[in-house]
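1. Starting from these lines, generate the structure:
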Amino acid sequence: MTLSEARTVVSELALAATGSGTKAWTTGRRRLEAYDSRTWLLLDEASRTFSYASSAAVTGQEEWLKVDLAEPTGLVAALTSFHTDGRIRQGATRALADRGGTLPSRALALRLLDHVPQVRAEAHHALLSTLGPSDAGAVLGVLLTGRGRQHAPAALSAVRDALLGRSSVNDLVETLMRSDDRLVRRWAFGEARDQQVLTVERMLDVVRSDPDQHLRAAAAEWLLNVANTEQLHELVTARSVEARLAAVTYLPDDVLVDKDLVSLLLDRAARVREQARWRARRRGIAPATYYRDQIGDAALAPRSLAASLDGLAVTGSTDDLPVFIDHLRHPSAAVRTAALTGLSLLGQTDLVLNALETALLDQSPRVTSTAARALVRLRALPSRAEAAWASPQPWTRRAAWRTARGGGSWDRVEADLRAAADTDPQVAALGQSGIRNWLSTSAATTWAKLSDNQHKRIQTLLASRSVSEPTTMAVAFHARIQLQPPG
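-> This is a model prediction of the structure:
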């Protein structure tokens, strides 16, 4: 949600709060409760934002002094707590006291961040005297999302002290770790770690299945200091990439034995394989030799073969070029992609460019995309993409566009115009957005002289009117091309 959209929302809610009945208040409450903490902060900001053309959404004295702050839904008091006048916010904050639930809790949490001391004091009294684990998630969600605000550190400290003074750490952590808000869950994990209340098995559960990769990584690193050898060994084979990465980086040599380290050289994740190669070299294990041995195994699974080729691409030498060439026609797209990467890193320029040009016609979008990126990196001429432009495969034509525009200047313009005329909507959209971006950012600094042939090609593309008329005329102006009026 943008600030402009937030102004619209808060204006609609303010209209319901000041001029409607219970039905509208109930609907507004449900709408407000559905928003996340970030949106609440945005609505609070939007409610007091004004410009020369419009006043703030929640402002004025007469109508807001008449509203029913005691109505049962709490919507009116919550909206009034957004008011531009600090005294009115203070009164609304007082009215929100002793009301449980998400809406009053979030509204009061916002006022803990208020710039007026009296309003903050009222929110402190109204909220912290009764705050318990059930409403802690809503309050912490707002404060953690707004933790960059001036009064957030003091508010967070006060809320923490209030919660720990009223409930046990275990109960609080277990409640907050079930929150849908990842910031709240991270805060709870940090408290649990500092208070040492989570068991090793609970941390292993986080490593195994938590949806937040930050928590998975933090739990894995924490386990390194408290788990026994058997529990630490589980990190090596965990589904979580963060756990395996922590294992290969931090586990001592007596826990991460050579057999386990070598298995990580073929890990599913590239960043784990990279770290495993660094660890292997420190032990005197040559990754390139290991990868060559694996590639020679006819029974090796395609995923492991692709990982071996990928590793050999960064650890091997030009002597390994035949290995990559032999796998360019492998049935697995992942293997072909890895072989193409190795060839582009180690091969001679002509050999590489010819192979990459052929790979643009591959049946796999993954392979064609890899080939296009490599051709751009090697500064290939746009002519290398001519066969790809004629392909019936949309992903191949998309790769041709990426390759042809890689040279910048007028090559970029020609490729964008060519893509804009494509029959595939996605390719056409890439070309159209590309040419608009060029006009916005690069047209004024594109001074290279067009060759006669490229001048004719761009003129023909512009004449097809594949982009809007204003865009067509703008490109023609910069290219010094005279166009006939349409129709």
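2. Can you give the distance from whichever helix or strand Val173 is part of to the centre of its chain?
-> When secondary structure is defined using DSSP states H and E, the element that contains Val173 is helix 169-176. From the chain centre to the centre of helix 169-176 is a distance of 29 Å (Cα atoms, centre = their mean, to the nearest Å).
3. I'd like the mean pLDDT over that helix, please.
-> Computed over helix 169-176, the mean pLDDT rounds to 85.
4. Mind listing what's buried along it?
-> Counting neighbours by 16 or more other Cβ atoms under 10 Å, one finds that the buried residues in helix 169-176 are Val169, Leu172, Val173, Glu174, Thr175, Leu176. Every residue, glycine included, has its C-beta placed from N, CA and C.
5. For Ala476, which non-adjacent residue is spatially closest?
-> In space, Ala476 comes closest to Leu483 once its chain neighbours are excluded; the distance is 5.1 Å by Cβ to Cβ, 6 or more residues apart in numbering.
6. give me the number of residues near the one you found?
-> Neighbour count of Leu483, defined by other Cβ atoms under 10 Å: 15.
7. Backbone dihedrals for it, please?
-> When read as degrees, to the nearest 10, the backbone of Leu483 gives phi -110, psi 150.
8. Okay, Asp258 and Gly137: tell me how far apart.
-> In this structure, Asp258 and Gly137 are 46 Å apart, going by Cβ to Cβ, to the nearest Å.
9. Who has more neighbours out of those two?
-> Each of Asp258 and Gly137 has its neighbours counted (other Cβ under 10 Å); Gly137 has more, 22 against 12.
10. host element of the more buried one?
-> Here Gly137 sits within helix 133-145, counting by DSSP H and E.
11. Also Leu127?
-> Here Leu127 sits within helix 117-128, counting by DSSP H and E.
12. ok, and for that helix, which residues are buried?
-> Val119, Arg120, Glu122, Ala123, His124, Ala126, Leu127, Leu128.
13. Spatially nearest residue to the last one, not counting backbone neighbours?
-> Of all residues beyond its chain neighbours, the one nearest Leu128 is Ala162 (4.3 Å), with distances taken as Cβ to Cβ, 6+ apart.
14. Check the one you found and give its pLDDT.
-> Here the pLDDT value assigned to Ala162 is 88.
15. Okay, now the unreliable bits of this structure?
-> Segments of the chain classed as low confidence (criterion: pLDDT under 70) are 20, 53, 485-487.
16. Give me the domain ranges for this protein.
-> By the assignment in automatic domain parsing, the chain contains the domains 1-197, 199-285, 408-487.
17. quick one: the helices in the stretch 201-350 of the chain?
-> Assigned by DSSP state H, counting those that start in this stretch, the stretch 201-350 of the chain shows helices spanning 213-226, 229-236, 241-250, 258-264, 270-282, 287-295, 302-315, 321-326, 333-346, 349-359.
18. And the first one, what does it pack against?
-> Other helices and strands packing on helix 213-226, by 3 or more Cβ pairs under 8 Å, 6 or more residues apart in numbering; DSSP states H and E, are helix 182-195, helix 200-209, helix 229-236, helix 241-250.
19. Can you say which of these is nearest to Ala286?
-> For these, the distance to Ala286 is smallest for helix 241-250, at 17.1 Å, taking Cβ to Cβ.
20. who's in contact with Ala92?
-> For Ala92, the residues meeting the contact criterion (Cβ atoms under 8 Å, 6 or more residues apart in numbering) are Leu69, Ala77, Ala78, Thr80, Ser81, His83.
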